[in-house]
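>>> pasting the sequence and the predicted coordinates here, then a few questions.
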Amino acid sequence: MEHSVELSRKQVIEDPVFTVVIPVRNRWGARLRNCIKSITLQTIQPIEIIVADYGSTMEGHKEILKTVRPFDCFVYYYPTDEIWNLALARNMGIRRSNSSCEYVAVVDADLVLEARVVETLLEGHLSRPRSYISCFIRMLKLELGKSDQPRELQMPEDFSKLKETEFWPSAGWGGLVSASRSWLFSVRGFDERMKFWGAEDADLWKRAGLAGMDRYRLNDLGREEAEVYHQWHDDCLSRLSRGPGDTIILTKAESNQITWNKAMYRRDHTIMRNNENWGLWKPQKAEEDRFRYG
């Protein structure tokens, strides 16, 4: 595709205290709705919500717009046929965050946040200058409902039941990441060479350490009502460590990209990545890519 549909939905948010970026691709409906709803229920407001849609089909993008219709948020859309690029989608939102708002959190579209998550993030940043915050995430084993029959999680009615739901703990390099907007701009965001997903979160954690940032996880602050939950979906186990006999289904390009991302994470110890066009839509020719799929 040769053009971008940049700002496909705009809701004016005056004087936001925090910006939350949600990257998506062909993801709409209950999970995205629950994620955004949980942000609107945060104890501090107003929050600028940016949905960064990188690569949805036009039909998928229209469904995303239907999902976000009840909420005050911005939606940026970049149509592309290229492989999913989580790093670039996140950077799209970071790059367009309100310049008057000092702190930005990146939140995956599968997550729901308890009511004091953003308040706790803000307290952490204000009390510990140059802080970079990640999070342990509760990976829900089933959606709320019968243990043998998952159903869609309903927000906010079932919000209080999340703690009762069986879960796997996550190491939490990413999923939710929060830092000052000025620092994210200074390092030009996530490394956009790390396409698809895998290692881009650990890589930015490493770069924050190299830059002398105070790194810690949201959970270390020990605040009430500040847990983060990952909603169940059929393929979410492909992102976890699985037991014998389980199969992770990835294309060859996706598998190769994850391997390449991990190699870059181990080898590249620079702090600043990308070029001055980071977070912007740009056509890419195959011969210009630093990684080619076999």
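Looks like it came in fine.
>>> run through who's touching stretch 220-229.
Contact with stretch 220-229 is made by 111-117, 119-120, 123-124, 135-138, 140, 162-163, 165, 167, 175-176, 218-219, as judged by CB atoms under 8 Å, 6 or more residues apart in numbering. Just so you know, the C-beta spots here come from the backbone N, C-alpha and C atoms, and that holds for glycine as well.
>>> how many other residues sit next to residue 267?
Taking other CB atoms under 10 Å as the neighbour definition, residue 267 ends up with a count of 7.
>>> separation between it and residue 193?
For residue 267, the distance to residue 193 (CB to CB, to the nearest Å) stands at 12 Å.
>>> residue 180 now?
For residue 180, the distance to residue 193 - CB to CB - is 24 Å.
>>> now do the strands in the stretch 151-294 of the chain.
For the stretch 151-294 of the chain, applying DSSP state E, counting those that start in this stretch gives strands covering 167-169, 176-180, 214-217, 228-230.
>>> residue 48 is nearest to which of these?
Closest approach to residue 48 among the strands of the stretch 151-294 of the chain is made by strand 176-180 (13.6 Å; CB to CB).
>>> so which elements touch the closest one?
With contacts taken as 3 or more CB pairs under 8 Å, 6 or more residues apart in numbering; DSSP states H and E, strand 176-180 sits against strand 103-107, helix 117-127, strand 131-134, helix 200-210.
>>> what sits up against the top helix by length along the chain?
Identified as the longest helix of the chain according to DSSP state H is helix 252-267. With CB under 8 Å, 6+ apart as the contact definition, helix 252-267 has outside contacts at 83, 191, 193-200, 202-203, 206, 250, 291, 293-294.
>>> and the residues you listed, which are buried?
Using 16 or more other CB atoms under 10 Å as the burial test, those include 191, 193-200, 202-203, 206 as buried.
>>> tell me which of those residues is nearest to residue 33?
Closest to residue 33, out of all of the buried ones among the contacts of helix 252-267 and judged by CB to CB, is residue 197, at 22.1 Å.
>>> how about that closest one, nearest residue that isn't a chain neighbour?
Spatial nearest neighbour of residue 197, excluding adjacent residues (CB to CB, 6 or more residues apart in numbering): residue 86 at 4.5 Å.
>>> quick one: residues contacting that neighbour.
Residues near residue 86 by CB under 8 Å, 6+ apart: 23, 190, 196-197, 200.
>>> may I see those arranged in JSON lines, with pLDDT and distance to residue 32 as well?
Formatted as JSON lines, the contacts of residue 86 follow (pLDDT from 0 to 100; distance: CB to CB, whole Å):
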{"residue": "23", "pLDDT": "96", "distance to residue 32": "11"}
{"residue": "190", "pLDDT": "96", "distance to residue 32": "20"}
{"residue": "196", "pLDDT": "84", "distance to residue 32": "20"}
{"residue": "197", "pLDDT": "80", "distance to residue 32": "17"}
{"residue": "200", "pLDDT": "91", "distance to residue 32": "21"}
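>>> what about these, which are in helices?
Taking DSSP H, the ones among the contacts of residue 86 that sit in helices are residue 200.
>>> report the buried residues of stretch 49-69.
If you call a residue buried by 16+ other CB under 10 Å, then stretch 49-69 has these buried ones: 49-56, 60-61, 63-65, 67-68.
>>> quickly check the residues you listed for the two that are furthest apart.
49 and 55, at 19.8 Å, using CB to CB across those.
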